[in-house]
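One predicted model, sequence on top.
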Amino acid sequence: AQAKLPVLNELSQFDWSCIQGVSKTRVLELAQGGYITQAEPILMIGNPGLGKSHVATGLALAACRQGKHVRFYNVANLVNDLLSAQQELKLSRFLAGMCKQDLLVLDEFGFIPFSRDGANLLFQLCSALYERSAIIITSNLKFGDWNSVMGEEHLTAALLDRLTHRAHILEFLGESFRFRQRLGQQEQRG
């Protein structure tokens, strides 16, 4: 309950046949939790609707079952919480609390650009977690487009430098589940 998972998506419920680029075997190996012990990031990149959030949630659930401290965040909400903590002069306490997590899941990076302060605070958090806690980030953006969200090239470069060092990068390729479902429904009606 403390993990604040939005839905309880199991890896066993995932339809692996619909995506290319990510092997079930590799994800199930990750689910055993070695990346958490090593404080390694997992970066899931790919178009919307390919199941990145499902797989991230499944890995978070697996970590919870292993007794790990896990926290799931939508990135935009996290940045708002960071900004609030800064305004209330509680930022160091907030960051310390985050650093107690074994795994932090940051879902939907790149949906909306951050303010300059927001981008700086997200960078501070990722720096604080670097080589201490595992992070899973899901994003619809290729790394080359992260600057459009972070706003400053040097900040984006520094963030990617930390995140991609020792990272497991899973690139989801294929057509959106939701898009395929809609097509299927239309064919049935047709």
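It's in. Numbers count the residues shown, from 1 in each chain.

how about Phe72, secondary structure?
With DSSP: H, G, I helix; E, B strand; the rest coil as the basis, Phe72 sits in strand.

which residues does it contact?
Phe72 makes contact with 3-6, 56-57, 60, 105, 107, according to CB atoms under 8 Å, 6 or more residues apart in numbering. C-beta coordinates here come from the backbone N, C-alpha and C atoms, glycine included.

got the residue ranges for the strands in the chain?
42-46, 70-74, 103-109, 134-139, 168-172 (DSSP state E).

could you say what helices and strands the fourth one packs with?
On a contact count with 3 or more CB pairs under 8 Å, 6 or more residues apart in numbering; DSSP states H and E, strand 134-139 meets strand 42-46, helix 52-65, strand 103-109.

any chance of these in a markdown table, plus mean neighbour count?
What follows is these, written out as a markdown table (neighbours: other CB atoms under 10 Å):
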| stretch | mean neighbour count |
| --- | --- |
| strand 42-46 | 23 |
| helix 52-65 | 22 |
| strand 103-109 | 24 |
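
And for the residue nearest the centre of the chain, nearest residue in space, chain neighbours not counted?
Centroid check for the chain by CA atoms, centre = their mean gives Ile137 as the closest residue, at 2.1 Å. Closest residue to Ile137 apart from its sequence neighbours, by CB to CB, 6 or more residues apart in numbering: Leu106 at 4.7 Å.

Is the one you found in contact with Ser133, as I believe?
No. With contact defined as CB atoms under 8 Å, Leu106 does not count as touching Ser133 (11.5 Å).

Would you mind measuring from Arg132 to Thr25?
28 Å (CB to CB, to the nearest Å).

Mind checking which of these two has more residues around it?
Comparing Arg132 with Thr25 by other CB atoms under 10 Å, the one with more neighbours is Arg132, at 13 against 9.

Do you know the pLDDT at the more buried one?
pLDDT for Arg132: 96.

which phi and psi does it have?
Here is the backbone geometry of Arg132 (degrees, to the nearest 10): phi -120, psi -40.
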